[in-house]
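Colleague: got a sequence here, can you build the structure:
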Amino acid sequence: MMENRGQTSAEYLLFTGVLILIIMISVVFIYNQQELNIAMSAARNGVTDGLVSSSGAIYPKQTFNDYSKSKSDLLIPYSVNIVNISYSEIGTDNNFNKKKIQFKVYAKTSRDFSKKELDSIGDRINYNLRKSIAVSFNSTSSTNKLYNPVFSPHYVFTTANVKWV
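Modeller: Numbering: from 1, shown residues only. Here you go, the predicted model:
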């Protein structure tokens, strides 16, 4: 009779140990996924902010002055539709020892713009995307004024040029 009780206790301890290990591994996986979900949500918000300021032709004074000289079509309100926002892991950034994630925005516009003008619109979209991620992870002080790259606890985020479709 006494032997069975000892066997049950050992099995219970083994089961509890394995269960704790599984929970710990799951928490790490879920936390990393949550971090990427926060980044994607922030990216969408940032893209929206970039579209509002850009398509409404609302610019800082210096940008307005620059556009007045060489990109006057951007001073007239226009429409931009976001087709897709995606991200991909592109390896590990050795400088920061974190996984590197690159966001890519696919968009289309209501008017024909030159490549230079599309690049300016895309730069504004990407700037606001990165800024929103930096604010979400409270990492604005650890990046530059263009928010490139942006940091979270486990990732380094960058953006690819907007792809116009």
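Colleague: low-confidence regions, this structure specifically.
Modeller: In the predicted model, the chain carries pLDDT under 70 at residues 1-7.
Colleague: tell me what the longest helix along it is packed against?
Modeller: The longest helix of the chain (DSSP state H) is helix 2-55. Packed against helix 2-55, as judged by 3 or more C-beta pairs under 8 Å, 6 or more residues apart in numbering; DSSP states H and E, are the following elements: strand 80-93, strand 98-109, helix 115-136, strand 155-159. Every residue, glycine included, has its C-beta placed from N, CA and C.
Colleague: pull out the buried residues from the longest one.
Modeller: The reference is to helix 115-136. Of the residues in helix 115-136, those buried under the neighbour-count criterion (16 or more other C-beta atoms under 10 Å) are 117-118, 120-134, 136.
Colleague: helix 2-55 and that one, what's the angle between them?
Modeller: Here helix 115-136 runs at 140 degrees with respect to helix 2-55, directions being taken by axes from the mean of the first three to the mean of the last three C-alpha atoms, to 10 degrees.
Colleague: and helix 115-136, what does it pack onto?
Modeller: Using 3+ C-beta pairs under 8 Å, 6+ apart as the contact test, the elements touching helix 115-136 are helix 2-55, strand 80-93, strand 98-109, strand 150-151, strand 155-159.
Colleague: now residue 124: how far from residue 73?
Modeller: 14 Å (C-beta to C-beta, to the nearest Å).
Colleague: same question for residue 135.
Modeller: Separation of residue 135 from residue 73 (C-beta to C-beta): 30 Å.
Colleague: got it, and residue 110?
Modeller: To residue 73, residue 110 is 12 Å away according to C-beta to C-beta.
Colleague: equivalent analysis for residue 152, please.
Modeller: 37 Å.
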